[in-house]
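This is a predicted model, with the sequence first.
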Amino acid sequence: MTDILLGLVWALVKAVGLVFVIILPMVSYTVYAERRVSAMIQDRLGPNRVGPMGLLQPIADAVKLLLKEDFTPASVNKFYYWLAPACAMAPSLMALAVIPFGSNLFGLPMVVANVDVGVLWVFAVSSLGVYGIVLAGWSSNSKYPFLGGIRSSSQMISYELSLGLSVIPIFLICGTLNLPNIVKYQIENGWLISPIWLKGISLTGINFPLLVSSIFSVDALVKILLWVPLFISFVVFMVSMFAETNRLPFDLPESETELVGGYHTEYSSMKFALFFLGEYAAMITGSAVIVTLFFGAWHVPFLPNDPSQFPWLGDLVLGIIHIAAFFIKVAILLFFFIWVRWTLPRFRYDQLMRLGWYFFFEIALANILLVAIILAFAPK
Amino acid sequence: MPAILRTPHPRERRIVFKNVDREGWTTDIDCYLKDGGYEELKKALKMQPQEIVSEVKASGVRGRGGAGFPTGAKWGFIRPGETKPIYLICNADEAEPGTFKDRYIIHQDPHQLLEGMIISCYAVNARLAYIYIRGEFPVGAKILERAIQEAKEHGFIGKNILGTGFDLEIYVHRGAGAYICGEETGLIESIEGKRPYPRIKPPYFPAALGLYMSPTIVNNVETLCDVKHIVKMGGAEFAKIGRPNNTGTRILCVSGDVQKPGYYELEVGGVTMGELIYDICGGLRPGRKLKAVIPGGSSAKVLRADERYKIKTKQPDGTTTEAEIGIEDIRMDFDSLAAVGSMAGSGGVIVMDDSRDMVWALNNINQFYGHESCGQCTPCREGSLWMQKITTRLLDGAGADGDADILVSVADRIAGRTICAFGEACAWPTQSFVAKFRDEFLAYASKNGNASSKPEDKH
Amino acid sequence: MSDPVPLLNVQIDGVWYQFPKGTRVIEACAQAGKFVPRYCYHPKLSSPGNCRMCLIEMGMPRMGPDRKPELGPDGKPVINWIPRPQISCAQDVAEGMGVRTDSQLVQDCRHGVMEFLLINHPLDCPICDQAGECELQEFSVQYGTGGSRFREEKVKKPKHVHLGPRVTLDDERCILCSRCIRFMKEVAHDDVLGFASRGSHSYLTAHPGRVLDSNYSLNTVDICPVGALTSTDFRFKMRVWFLKETKSICTSCATGCNTLIGSRQNVLYRQTPRENNDVNSPWMCDYGRLNFHDVNSTDRLTEPQIRHLSNLETASWTAAISRAAEDLKRFQPTEIAVIASGRMTNEELWFAKKLVDSVKTSNYDIVPRTGPADDLLLNSIRNPNTNGAQLLGLCSDQPGAKLQQIADGVSQGHIKAVVALQEDLTAAGFKATDLERLGAFIVMDILPNETTKRATTLLPSASFAEKRGSMINVKGRLQRLNRAIQSPGNAREDWEILRDLIQHLTGANGVYLIEDVFKQMAENVPQFQGLSLSKIGDLGVSLEGVVAAAPVTASA
Amino acid sequence: MAYTVSRSKLTFGEKLYLPAVLAGLKITINHLIKVLTGKTKVTMQYPEERWDTHLPEHYRGAPTLVTDEHGRERCVACQLCEFICPPRAITIKPGEIKDGDRWRKVEKFPQEFEIDMIRCIYCGLCEEVCPEQAIFLRKDYAITGLTRAEMVHKKDRLYELGGVMTGLVFKWNEKK
C-alpha cells in the first residue's frame, strides 16, 4: 500500500517537476529562442530589453498575456470555445509521461510512467491535440478559424500515418515498444540514427580486440545495412513531426497570410497563450520523442551507463549529466525546428497533401519492407 | 525766328523750303501774299477736284512722313459719291528722332502748309481739316492758329472760299506729346479725345473708317506742301524732279557726327550718301571714320559703313543689272534705301563716326521707344521696355551670355505682330544694330562680372 | 423666317469647313476644334485686337487673271498666304479664306506673346484668387515656352486698389486686355474704367473722382482673364479648385439669372453667372450675386420647435408635424389662412396649394416683393417665382391682394390659425401682437425673425442652395434650382415638410421623390404638360401661355 | 491570350529537394553566425542610439512651416498642400495681410494652418508642391501625443518645429 502510495507520490513529483519546472519554462524560453534566433537569421537582434539579454522577456510576455483582457466574441460556441485551448495544451504534456528523460536519480528511473506501450501512448495522446484545434476552429464561428481547423484535422490525419509507419522499423529492430528499453537497446547497439556502436572504447581505455571484432562482425554489417532504412525512417519521422506540430513549412492551419491566424484568430489573452504554449510544448514533446527514438535519449557516448565504473563521478552527478544530456539534445533539435522555420517557405495546401499521401506514406511502407527483409536475412 | 539764317547749299533745290531761311521773310500772310501766295489755291479752285487728284497721282509724290506711300493712291481710296463727311488731317506730330523738317515749315512758312491743305481738302472734298501738332511745339501751334486766323480773314478758309462755294474749316489740334500720335489711327483717336491707341487694320483703314468712323486722309506737313507745288507746276513737271518713282524734293535732316548738320532740301535721289555726308555736310570731324548711318529716322535700320550692298537696277530694256556698292554710293531715295535693307523713312539721317558705342546708341534709341510705346498691344508694350532694360543692363556691365540673341529674338517677336507700325519702328533698330555690330554686343555681354547688378542679389 | 445665312467655305489647317457668313475667324477655328487662345477677345464685347494672342496665319484665294479664284489640283482654291500673322478675333470668315492655327510662325507668335505677358507679371499665382481658372496660367502651359529669359526688374504698379465697393484691383497682374473697360462701356453703360500712363507702365484705373460702383461691377471680375480684378467678397476666401460648382438660378429677382454656385464642405463661397442667352447672357448683377450670405449664417434654424406655454422647445420632426396637423384640425376652414411665398419653388407651391385645398380655406396669398429695376437684368419684381405662384393658384393676378384682408382677419380674431411659408409676416402688414394671439401659427423659415419667434410650430427649411425644384421667371421661362450643399442640422426641404403635413391632415399617400412631385404637377397643370424635372435642362424651357406677372424690364 | 510558362524539367537530385533545403539552411545559419560573431550589425538600439546624426539630407520627418530670413512666414496660404495631401491632413484658413504691414505686398497669409499628424503619411508631397518653399519635412520623427487634439499641429507649433529657412525665394523682396 505504502509502495503504491509512494510510487504515486513519486510519479506526481516527477510529473509536476517535469511539467512545471522543466517543460513550461522550457516552452517559454523556446519562444524566446525562436524570437532571438529568427532575429539573428534575419540580421536583427530580437528581444533584448527585458532583463539581461532580454532573458526576462518570456516572463514579461506571460505577465502580459495573463493581464490582457480575455475577450470572448459573442457569436462563439462558448463551451467548446473555452475547452479548445485546454485540449490543445494537455496532450502534448501528457505525451511526455512516457519519455525517459534521464537514467536514474536517487535510484529512481527518470521517466514518469514506464509503460510497455510507450510509443503507442505517445502517438495516441499526441494525436488528441488535433481536437483542440478542430474545436477551436469550429467553436469560434468565424471563417478563418474554421478553415484553419479543417486544414489542421486533415493535415494531422495525413501525417500521422507516415509518422506511425516510420517508427515501425525501430520496433522491428528493437523488438519492444517500451521506450526505456529502446533507449537501452541504443546504449548497447548505438543510436538508431546510425546503429553501430564500437564496443571496446571507454573513458578508461581502448580494448582493441573487442573493437576490431565489433567492427568486423556480421552484426556490424547488418547494422550498417540498416543505416539506410533508419535514416529514411528518421527523415520521414522528423518531417512528419514538423507537420504534426504545425511548424513551418507545414503551418497551414494558422498561416497568417491567408487565414489571419487560423484556428486561434478569435482567441486572446490566456486562452491564446494556451494555444501558443501547446504548440511549443508539442514541439518539445516531438523533439523529445525524436531524441528518444533516434538519438539515444539521455545516453552520452563514451560515458558508460553504469555508475559503478566511475565511482569518483558519483551516482547523482551521472544522473544529472544524463538528464542534462537529454535536454541538450532536445534543445539542439528545437534549434533545428526554429532554424527550419526561418529558412523554408510554407507549402501550398495541395503540395502538403501530396507530399504526405504520395511520398511519405509510400516511403514509410517501403521502408518497413526493407527493414523486414534485412532483418529476415540477418543471422540471429 | 532763327537767329542765324543759313545759306542753302548749292546742291540744294529749295521748293518747299523756298521761304525757309529767306532774308526778310515773316510768317505774316502779307509777306506770303506778296510772294505770290495763295495763287495756287485760286488756280486749284478753278480745277475739278478729280483733276487735282489726277495731277497728284501723275506727280508720283510719295508721303514724306515715313512710309513713303503714294499720296495720289491714298487720295484715291476715297470713294466717289461718299455720303459720310470726309476729313483731312495734317500730321504735324513730327516725333521721329532725327527729324526736324516740319517744324521749320510751320515756324517759318505756315501759309504754304495752309495753302497745300486747302487745295488737298478741295481735292478730296473734305470740309473739315485738322492740323495735329505735337504738344512739344507750342510756338508752332500759335503760329498756325494765327495763320489760320489770317487766312480766314482773307477768305481762304471758312464759308464759300473765294466765292467758289467750297467751305472749309481748319483746326489746330495740339497733342499731349506722344510719339504714337504720329501713327495715323492713333492720331485720329487722339483727335476724337481718346487715348491715342492705334486702331486695328482691318477694319479701321482711315480712308474708310477714320475720324468719327468717316473717311479720313492723313498727310504729312511736307506732303501737303508738295501739293501746292504740284498744282503750281503740274504733276508731270513735278515728276521730272528726282528719279523715277522717287519724285520731287525731300528735306533731309542730317544729324550726328558731321561738320555741318542740318536740313537740306534735295531732289529725291539727287545725291548719294557719300555726297550728302562729305560734300554737303562737310564730312566727319577730323580724324574720324564713318561707322554707321541711320538713313531715315531712328526707326530705320542702321547701315554699317564698311558693308557692301548689292543693288539690282532695272534697265529700260527690261533686264536687271546688279552692282555692288559701298555706303557712299547709296542714292538717297526711297527705293535705293529700301534696296539696301533700310528705308528713307522721315528723312532724318543720323551719322555716327567711330567714336560711337553702338550699344549705347541702341540703348538710347530703345529708351525712346520703351518710353513711347502706347501700351495697347502686348508685344510692343512689353518688348520695347524689355529691350531697353537689356541694353541698359549691358551698359551697366551686368550682361550675360546670350543677351544679344535675346535682344534679336525679342525684336523678332515684336516686328510684324503689333497693331501699328510702332512694332517695326522699335524692333528694326535692335534687329539691325545687333546683327551688324554683334561683336560690340558680345563684348558687353562677356563683361558679366558685375555681380551686384544681378537681380537676385538686390533685396 | 429670315433668309438663311449663306455658308462660306473656309480652310482651317488644311481642312475645308463651312461657316455661316458673319462668323468670326476665332469662333470658326474653335468650332473646327482648333481653339485659338485669346485674352482681349470676348464674344459679347467688341474686339480691340490688342492682346495679340490670337495671331494666326491667314490667306485669301489667289485670283487668276479672270478675277476668279485659281483652283488647285484638289479643285479647291489656291490660297495666297499673308506673310504677316493676323489676329483672328476681329475678322469675319470670307469665302475661300485659309487659316493656319498651328504653324511654326503661329506657335512662335504665341510663345512671344506669352513671354511678353509674363515678364512683368508678378507670378504670384500662390496668392492669386484667379489661380486655377486663370487663362494666363492655362495658355502659359499650353502655348508658352515654360521658362523666362527675363532677368531685369519688373515694372511696379499699384496693388490692392479698391476700384469700387466690391472690386479689388491688382494692377501688376493686369495684362491690359481691356475687357473690363469694354464691358463697363458697352454692356453696363457706365464708362468708368480706363488705362492710365503708357507703355509697359500702363495701368487700369477708374476715372478720377469715380469708383466702380455699378451694380454690374462684378462681371468685370468674371471676364478678367487674369487675377487683376478680384471680388472683394470672395477675395482670399477659398481657392477655386476646391469649389464644387452647382448649376442653379439666382433667386433674388424675377429675372432668374442662371448661376453657378461654388461651395466647399457645405459652405457657400460664391455665386457666378452661367451663360444663358435667353435669360442673362453671361452677366449677372452684384446684388443677386452676393445675396447668398444668409445661407452660411450661424443663426440658421436647424431643429423643429414646438411651443410649450411661452417657450419654443426643440422637438422631433414627427412630433412637430403632428402637432402642426393637430393644431390645424382644431379650426374651421374659414379660421385658417395660408401665406405662401413667391420665393418658393413650383413643387413647394404645389404642395402649398394642396395644403390650402386640404384645409379648404380661401384665405391664402403670397407676399409681393418689389424694388427698383434697372434696364439690364434686375427686375422690379423681387420674388423669383411669382409666375409659378399664379400658375399654381396661390395668388391672383395681383399678388398680395388678399393679404390685408387676412391681416385684418387675424387682427379681428376670426382667423385663428395661420401657416406662414418662408415669409416674415411682421414685414407684410401683420402686427406682431396679433400673431401672438393666434391659436395655431405654423411657420416655416430658414432664419429667425419676429415671425418665427411667435410660432406655435416652427419648421426649419432649406435655403435656395440646399434644395432642388423649379421656378418660372418673369418671361415665363421654367428653370431649375439644384442642391449645392446640405441643409444645416435637421432642417429639411420645404416640399417634404409640406408633404408630411398634408399626409397628417388627410392621410393621403405622399410622394417621396421631387421628380414625382413634378410628374404630378405635369399631369395636372396644362402648361407643364410633357415636361419633367430632367427635361427642363440646365438652360430651362420657355412655357407657353404663362403671362408675365408684371411689367417686364429689358434685359441683355 | 493565355501565356504558357515553360517549366524546366528537374533532375532527380533536384526532385529530392533536400539539397536545396540544405542550401537554404546553410544560408540562414550563416546569417545567424555572422550576427553572433558581430560581423553584421544593422539594428540600431533606439532610443540609446539615434539616427539623428546619420539622417540623410532628404529625410522625411514631420512637416513643418518655416519663416524666411526676415522672419516673415513664407506660407501665403495658397492651399496647394491642402489640395495635394493624400490623407487630407492639412487644413488652411487663408487671411489677408492688412494695410500698414511690412509685407502688405504679399497680401495673403495662413490665418490657421493645421496638420493632423495622425493622418500625415510623411509622403512629402506638400513640401514638393509648395511654390513658396514654406513647408519642409524636417527631421523630427518622434511625434507623439496623449490626445488626438495634441497630435494636430497648429500654426505656432509648426513654426516652432520648422524654424528659419533662408534663401530660395526672393520674390517678396522689395525689388522683385
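Sure thing, it's come through.

Was I right to think residue D:105 contacts residue C:159?
Yes. Using CB atoms under 8 Å, residue D:105 is in contact with residue C:159, at 6.5 Å. From N, CA and C alone the C-beta is placed, and that goes for glycine too.

what secondary structure does residue A:125 sit in?
At residue A:125 the chain is in helix, as set by DSSP: H, G, I helix; E, B strand; the rest coil.

contacting residues for it?
Residue A:125 sits next to A:91, A:94, A:95 when contact means CB atoms under 8 Å, 6 or more residues apart in numbering or on different chains.

so does the helix ranked longest in chain D get close to chain A?
The residue-count maximum for a helix in chain D (DSSP state H) belongs to helix D:18-36. Yes. Applying CB under 8 Å from any CB of the partner chain, one finds helix D:18-36 touching chain A at D:21, D:24, D:25, D:27, D:28, D:29, D:31, D:32, D:34, D:35, D:36.

Which strands border the helix or strand following that helix, and is each parallel or antiparallel?
Counting by DSSP states H and E, the next helix or strand C-terminal to helix D:18-36 is strand D:63-65. Sheet partners assigned to strand D:63-65 using DSSP bridges are listed as strand D:135-137 (antiparallel).

Residue B:369: which of the contacts of residue A:125 is nearest?
The closest of the contacts of residue A:125 to residue B:369 turns out to be residue A:91 (CB to CB; 102.1 Å).

List the contacts of the closest one.
Applying CB under 8 Å, 6+ apart to residue A:91 gives the contacts A:125, A:126, A:127, A:128, A:129, A:132, A:282.

And what about the residue nearest to the last one when sequence neighbours are not counted, helix, strand or coil?
It stands for residue A:282. Distances taken as CB to CB, 6 or more residues apart in numbering or on different chains place residue A:92 nearest to residue A:282, at 4.0 Å, with adjacent residues excluded. Under the three-state scheme (three-state DSSP), residue A:92 adopts helix.

Distance-wise, check residue A:92 relative to residue A:122.
To residue A:122, residue A:92 is 10 Å away according to CB to CB, to the nearest Å.

can you list residues touching both of the two?
Counting by CB under 8 Å, 6+ apart, the shared contacts of residue A:92 and residue A:122 are residue A:285.

residues in contact with whatever residue of chain C ends up closest to chain D?
Closest residue of chain C to chain D, CB to the nearest CB: residue C:126 (3.5 Å). Applying CB under 8 Å, 6+ apart to residue C:126 gives the contacts D:76, D:78, D:80, D:108, D:131, D:132.

The fourth one pairs with what?
On the basis of DSSP bridges, residue D:108 takes part in beta bridges with residue D:96.

I'd like to know how many residues surround it.
By the measure other CB atoms under 10 Å in any protein chain shown, the count of residues near residue D:108 is 21.

Let me see the contact set for it.
Here residue D:108 is in contact with C:126, C:127, C:236, D:76, D:77, D:78, D:94, D:95, D:96, D:97 (CB under 8 Å, 6+ apart).

Distance check, it against residue B:152.
From residue D:108 over to residue B:152 the distance is 64 Å, taken as CB to CB.

And the closest residue to chain B within the stretch 1-150 of chain A, which helix or strand is it part of?
Closest contact between the stretch 1-150 of chain A and chain B, by CB to the nearest CB, is at residue A:43 (48.9 Å). For residue A:43, there is no host helix or strand (DSSP H and E).

Neighbours of it, how many?
Using other CB under 10 Å, residue A:43 is surrounded by 14 other residues.

That one and residue D:32 touch, don't they?
No. Contact between residue A:43 and residue D:32 fails when scored by CB under 8 Å: they sit 9.2 Å apart.

follow-up on the earlier one: comparing residue D:105 and residue C:159, which residue is more hemmed in?
Ranked by neighbour count (other CB under 10 Å), residue D:105 and residue C:159 place residue D:105 first, with 19 against 16.

Neighbour count says what about the contacts of residue D:108? Which are buried?
C:126, C:127, C:236, D:76, D:77, D:78, D:94, D:96, D:97 (16 or more other CB atoms under 10 Å in any protein chain shown).

Just list the residues touching the fifth one, thanks.
Think residue D:77. Residues in contact with residue D:77 (CB under 8 Å, 6+ apart) are C:127, C:236, D:92, D:93, D:94, D:95, D:108, D:109, D:110, D:111, D:113.

Quick check: the spatially closest residue to it that is not a sequence neighbour vs residue D:107, distance?
Using CB to CB, 6+ apart and skipping residues adjacent in sequence, the residue nearest residue D:77 is residue D:94, 3.6 Å away. Noted for residue D:94: a distance of 10 Å to residue D:107, by CB to CB.

Same question for residue C:403.
Distance, residue C:403 to residue D:107, using CB to CB: 50 Å.

Look at the two and report which has more neighbours.
Each of residue C:403 and residue D:107 has its neighbours counted (other CB under 10 Å); residue D:107 has more, 25 against 22.

Could you report the pLDDT at the more buried one?
Looking at residue D:107, its pLDDT reads 88.

Pretty sure it sits against residue C:159.
Yes. With contacts counted by CB under 8 Å, residue D:107 reaches residue C:159, the gap being 7.4 Å.

From the contacts of residue D:77, which land in strands?
Among the contacts of residue D:77, the ones falling in strands (DSSP state E) are D:92, D:93, D:94, D:95, D:108, D:109, D:110, D:111, D:113.

so who does the first one touch?
It refers to residue D:92. By CB under 8 Å, 6+ apart, the neighbours of residue D:92 are D:77, D:79, D:81, D:82, D:110, D:112, D:113, D:114.

which stretches of chain B form strands?
Going by DSSP E, chain B shows strands at B:87-92, B:128-133, B:169-174, B:216-220, B:242-243, B:246-247, B:249-256, B:262-267, B:290-294, B:303-304, B:309-314, B:320-325, B:348-353.

so where do the helices sit in the stretch 51-200 of chain C?
C:104-119, C:135-143, C:179-182 (DSSP state H, counting those that start in this stretch).

Is chain B within reach of the last one?
No. No part of helix C:179-182 sits near chain B under the criterion CB under 8 Å from any CB; the closest distance found is 10.3 Å.

How far does stretch D:156-169 sit from its chain's centre?
16 Å (CA atoms, centre = their mean, to the nearest Å).

With stretch A:144-157 instead?
Computed by CA atoms, centre = their mean, the chain-centroid distance of stretch A:144-157 equals 21 Å.

Can you list the buried residues in that stretch?
Applying 16+ other CB under 10 Å to stretch A:144-157 flags A:144-156 as buried.

Average pLDDT for that stretch, rounded please.
On average, the pLDDT along stretch A:144-157 is 84.

Please enumerate residues in contact with that stretch?
By CB under 8 Å, 6+ apart, stretch A:144-157 touches A:127, A:129-130, A:133-138, A:140, A:243-244, A:246, A:250, A:252-254, A:259-266, A:349, A:352-353, A:356.

Quick check: residues of the stretch 201-350 of chain C near chain B?
Residues of the stretch 201-350 of chain C lying close to chain B by CB under 8 Å from any CB are C:201, C:202.

Now with 7 Å, please.
Residues of the stretch 201-350 of chain C lying near chain B by CB under 7 Å from any CB of the partner chain: residue C:202.

which residues of the stretch 201-350 of chain C fall in strands?
C:203-206, C:229-231, C:244-249, C:258-264, C:267-273, C:305-308, C:311-314, C:336-341 (DSSP state E, counting those that start in this stretch).

Can you say which of the ones you listed is packed in most?
Comparing those by mean neighbour count (mean count of other CB atoms under 10 Å in any protein chain shown), strand C:336-341 comes out on top with a mean of 26.

Excluding chain neighbours, what is closest to the most centrally placed residue in chain A?
The C-alpha lying nearest the average C-alpha coordinate of chain A belongs to residue A:286 (CA atoms, centre = their mean; 1.5 Å). Leaving aside its chain neighbours, residue A:286 sits nearest to residue A:241 (4.3 Å; criterion: CB to CB, 6+ apart).
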